[in-house]
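S.K.: Any chance you can model this:
(chains A and B)
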Amino acid sequence: MKKVFYYFFLFILFSCADEQNFDQFDDLSVVPTLATGIFYFESPEDVINQLPPGNFYNQTFTFEAFNEAFVSERVLDGTITYQLENTTSKELSLLVEFIDAADTVLDSESFTIQPQPAPSLERQIAYGNGDRSLDILRNTTRIRVTSENLGDNTSQSTVNEPRIILRSSAVFRIRLQ
Amino acid sequence: MRKIRLVFFTILLSMGFLSAQNKQLLYDFYEIPQSLLLNPGVKTPYKWHAGIPLISGIAVQAGTSGITVNDLFANDGLNFTDKVRDKVVNGLSQRDEFGASVQIDILNVGFRNANRPEDYYSFGMYGELSVTQYWPKDLAILAFEGNANNLNRRFSLSHLTTHGEALNVFHFGVNRKVNNKLSLGIRGKIYSSIFEAKSNSNKGYFVTTPGENNILRNTLVADVSLKTSGFQEIIDNDDSNQDIAGLLLGRAFFGGNLGLGFDVGFTHQLNKQTFLTGSLLDVGFIYHSKDVKNFTLEGTASNEGIEIILPESFDDLNSDIWQDLVDDIEAQVPFETNTDAYVSLRPIKLNASIRYNFGEQKQKTEDCYCGTNTDLSDNPFDYKNALGGHLYVINRPKGPQAALTAFYQTRIGKALALKGTYTVDKFTFSNIGLGLNFQAGPVNFYVLGDNLLGYRNIPDSHYASLQFGFNIISWNSN
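M.R.: A predicted model of the protein is given here:
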């Protein structure tokens, strides 16, 4: 009987374990790349024609997606993509401004696009990693969109449903761990 | 806050392991009175037994499927993030699980009815803590990679399945020897839940697609819930001086959410040497109505960002379109809490075994499944050696899981019985277990260890299980 116990405890005693290093957990890097639409602007040409040439739309709206603590504290870098399409008969400009809580314009992006048949315009603006400062995104609480008609308000494009469209999206990396 | 951390730390620690709750070594090892808890119809060669309180039966099981501690934390010089990506995020499936369970036999007593010796009564209580976490594969990929490079991929919310609970079980069982070839048993149970958290049967997905208007569209379709009981009071009392131990103890003794259940089982002698056994355990439920807090996320929302479409948006010039967007999403997929009572079914377990006895016994025994009034004081056991097979099935959140065991039992002298097992289940094909039961006069000691090959390198083991206990037993002698 003693032998049985002896062998049993010997077995437990001599059970083995490869060397483990639990400090490796500190080296874990979890950096997902997230993507989302930011805003979409669309105006038919007939709406533009109903207003005098010049500024036909101006609005400042709250935008706190980047300002949220979860994002602002973890964002490593990001890219905002703009796509602009103009199928109207007039030259148009759009201005996108990033504004902080103190009403300071932190960054702006200006677009001017020729009348139809102007090619679509795509622009990617990088933030972080030596490009524009990430603090712009972190501190942005509002976005102002200004649209201006640089042409007349009588002409009408011959394409079906002429309009100006500005699309935007953001892709950014955040560090979860 | 300290207590919250304690609770969650305990759960997270337990997430490294898996509980299959299979006790193939103890099943039908009827020298050990705790085998009655696995089959109330097991043979009962005792006049009476009394477990030594708190140490009559301690069972700890832990394990993982798909990955081991060594896979991640071996000091192998490999990049840890690469190991996590390859072996965890991409290596595990949503059917892989982690879990642990601890069962402590607090009180276990049995006695034979003096007036009706074919009946053996047993009662007691045991506490149980268990945690099971299925690997949320899609959510892990979303967290690890993000959605930007996974356009059109639906990240399923159904992968989110988790369960954890602590409860105390009061039981009373009757084992009746119907005739020389058949024993039946039934055990009634009262469950006294201490706390529970569960999330299963979730549905829905998150997907990012090209937008209809904008560049991207994010869509969330969710039908997700987490049901909890017993946590809120602990959290609310975090900063108070209330005795949490006293609170938990009160719940363990009928002060918490209660439930009812039963076990049934039998042992049938097919012929002189062959025995068939079976049991169905934990057919029951717990009704959770106290300290309930449930969390739900249900609805459908798609979002392409803020939309300014003229001329309609001229009407919004003075409104907060960002807040409107946030409010819309929250209205479409509301995250809500409620205190609705709910019922939790116990995880039903099925055991079945066949045992073939062989070898000559040194002591005189009857050639049948002997009566309790037969003098068996020298040897109340029906085998010298036994071979057999055991099937175990447990109902899990993602469907039944089965384990198949081949076993060999032998008795060495009057005092020692050994049982060896080889078990195949979803976690390992190399589970070799060894059980030892030692009887020194009235004192009974047993120790049962599972997956012994895993001890060659414990961190590389998928599964480990250990049970041991002490009892005082008086064998049939009248």
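S.K.: Tell me both backbone torsions, phi and psi, for the closest residue to chain A within the stretch 1-150 of chain B.
M.R.: Nearest to chain A in the stretch 1-150 of chain B, going by C-beta to the nearest C-beta, is residue B:146, at a distance of 3.1 Å. From N, CA and C alone the C-beta is placed, and that goes for glycine too. The phi/psi pair for residue B:146 (degrees, to the nearest 10) reads phi 90, psi 180.
S.K.: Tell me how many other residues surround it.
M.R.: By other C-beta atoms under 10 Å in any protein chain shown, the residues close to residue B:146 number 21.
S.K.: Next up, the contacts around the residue lying closest to it once chain neighbours are set aside.
M.R.: Closest residue in space to residue B:146, ignoring its immediate chain neighbours: residue A:32 at 3.1 Å, by C-beta to C-beta, 6 or more residues apart in numbering or on different chains. Shown in contact with residue A:32 (C-beta atoms under 8 Å, 6 or more residues apart in numbering or on different chains): A:173-174, A:176, B:142-148.
S.K.: Extract the CA atoms of the helix or strand residue B:47 falls within and return them as PDB.
M.R.: According to DSSP states H and E, residue B:47 maps onto strand B:46-51. Output in PDB follows, covering the C-alpha atoms of strand B:46-51 (Å, rounded to 0.1, in the frame of the first residue of the first chain):
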ATOM      1  CA  TYR B  46     -22.900   0.300   2.900                       C
ATOM      2  CA  LYS B  47     -24.700   0.100   6.200                       C
ATOM      3  CA  TRP B  48     -24.100   3.800   6.600                       C
ATOM      4  CA  HIS B  49     -21.600   6.400   5.500                       C
ATOM      5  CA  ALA B  50     -20.700   9.800   6.600                       C
ATOM      6  CA  GLY B  51     -18.500  12.100   4.600                       C
END
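S.K.: And the pLDDT for residue 21?
M.R.: Went with chain A since none was named. Residue A:21 is assigned 86 on the pLDDT scale.
S.K.: wrong chain, I was asking about chain B
M.R.: 74.
S.K.: any idea how far residue B:64 is from it?
M.R.: Per C-beta to C-beta, to the nearest Å, residue B:21 is found 15 Å from residue B:64.
S.K.: got a list of what residue 173 touches?
M.R.: You didn't say which chain, so I picked chain A. With C-beta under 8 Å, 6+ apart, residue A:173 has these contacts: A:31-34, A:75-78, B:146.
S.K.: Please refer instead to chain B.
M.R.: Neighbour list for residue B:173: B:36, B:40, B:121-123, B:185-188, B:263 [criterion: C-beta under 8 Å, 6+ apart].
S.K.: Now neighbour count and distance to residue B:276 too, for those residues, in a markdown table please.
M.R.: Listed next are those as a markdown table, based on neighbours: other C-beta atoms under 10 Å in any protein chain shown; distance: C-beta to C-beta, whole Å:
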| residue | neighbour count | distance to residue B:276 |
| --- | --- | --- |
| B:36 | 28 | 18 |
| B:40 | 29 | 16 |
| B:121 | 16 | 24 |
| B:122 | 25 | 22 |
| B:123 | 16 | 27 |
| B:185 | 24 | 14 |
| B:186 | 16 | 18 |
| B:187 | 25 | 20 |
| B:188 | 16 | 24 |
| B:263 | 26 | 17 |
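S.K.: Which positions are bridged to the closest residue to residue B:284 other than its chain neighbours in the beta structure?
M.R.: Residue nearest to residue B:284 in three dimensions, not counting chain neighbours: residue B:261, with 1.9 Å by C-beta to C-beta, 6+ apart. Listed by DSSP bridges, the beta-bridge partners for residue B:261 are residue B:189, residue B:284.
S.K.: Would you confirm that residue B:261 contacts residue B:193?
M.R.: No. Taking contacts as C-beta atoms under 8 Å, residue B:261 lies outside contact range of residue B:193: 11.9 Å.
S.K.: neighbour count winner among the two?
M.R.: Taking other C-beta under 10 Å, residue B:261 and residue B:193 do not tie; residue B:193 has more neighbours (24 against 20).
S.K.: So that one, which state does it fall into?
M.R.: Under DSSP: H, G, I helix; E, B strand; the rest coil, residue B:193 falls in the strand class.
S.K.: Can you check the pLDDT for it?
M.R.: At residue B:193, pLDDT is 96.
S.K.: Which residue is the nearest non-sequential neighbour of it?
M.R.: Spatial nearest neighbour of residue B:193, excluding adjacent residues (C-beta to C-beta, 6+ apart): residue B:257 at 4.2 Å.
S.K.: Could I get the contacting residues of the one you found?
M.R.: Applying C-beta under 8 Å, 6+ apart, one finds that residue B:257 lies in contact with B:192-193, B:196, B:229-230, B:251, B:286-291.
S.K.: how about it, phi and psi?
M.R.: Main-chain torsions, residue B:257, degrees, to the nearest 10: phi -80, psi 140.
S.K.: And the helices in the chain?
M.R.: Let's take chain A. Using DSSP state H, the helices of chain A run over A:2-13, A:45-49, A:69-72, A:134-139.
S.K.: Can you look at chain B instead?
M.R.: B:2-14, B:69-73, B:80-83, B:137-145, B:232-236, B:244-250, B:321-332.
S.K.: gap between stretch B:225-240 and the chain center?
M.R.: 22 Å (C-alpha atoms, centre = their mean, to the nearest Å).
S.K.: just the CA coordinates of that stretch, formatted as PDB?
M.R.: C-alpha atoms of stretch B:225-240 as PDB (Å, rounded to 0.1, in the frame of the first residue of the first chain):
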ATOM      1  CA  SER B 225     -29.100  39.400 -24.100                       C
ATOM      2  CA  LEU B 226     -27.200  38.900 -20.900                       C
ATOM      3  CA  LYS B 227     -29.200  37.600 -18.000                       C
ATOM      4  CA  THR B 228     -27.800  37.900 -14.500                       C
ATOM      5  CA  SER B 229     -29.000  37.300 -11.000                       C
ATOM      6  CA  GLY B 230     -27.200  37.900  -7.700                       C
ATOM      7  CA  PHE B 231     -24.600  40.400  -9.000                       C
ATOM      8  CA  GLN B 232     -26.400  43.700  -8.600                       C
ATOM      9  CA  GLU B 233     -26.600  43.500  -4.800                       C
ATOM     10  CA  ILE B 234     -22.900  42.800  -4.600                       C
ATOM     11  CA  ILE B 235     -22.100  45.700  -6.900                       C
ATOM     12  CA  ASP B 236     -24.400  48.100  -5.100                       C
ATOM     13  CA  ASN B 237     -22.900  47.200  -1.800                       C
ATOM     14  CA  ASP B 238     -19.400  47.700  -3.100                       C
ATOM     15  CA  ASP B 239     -18.700  50.600  -0.900                       C
ATOM     16  CA  SER B 240     -20.700  49.600   2.100                       C
END
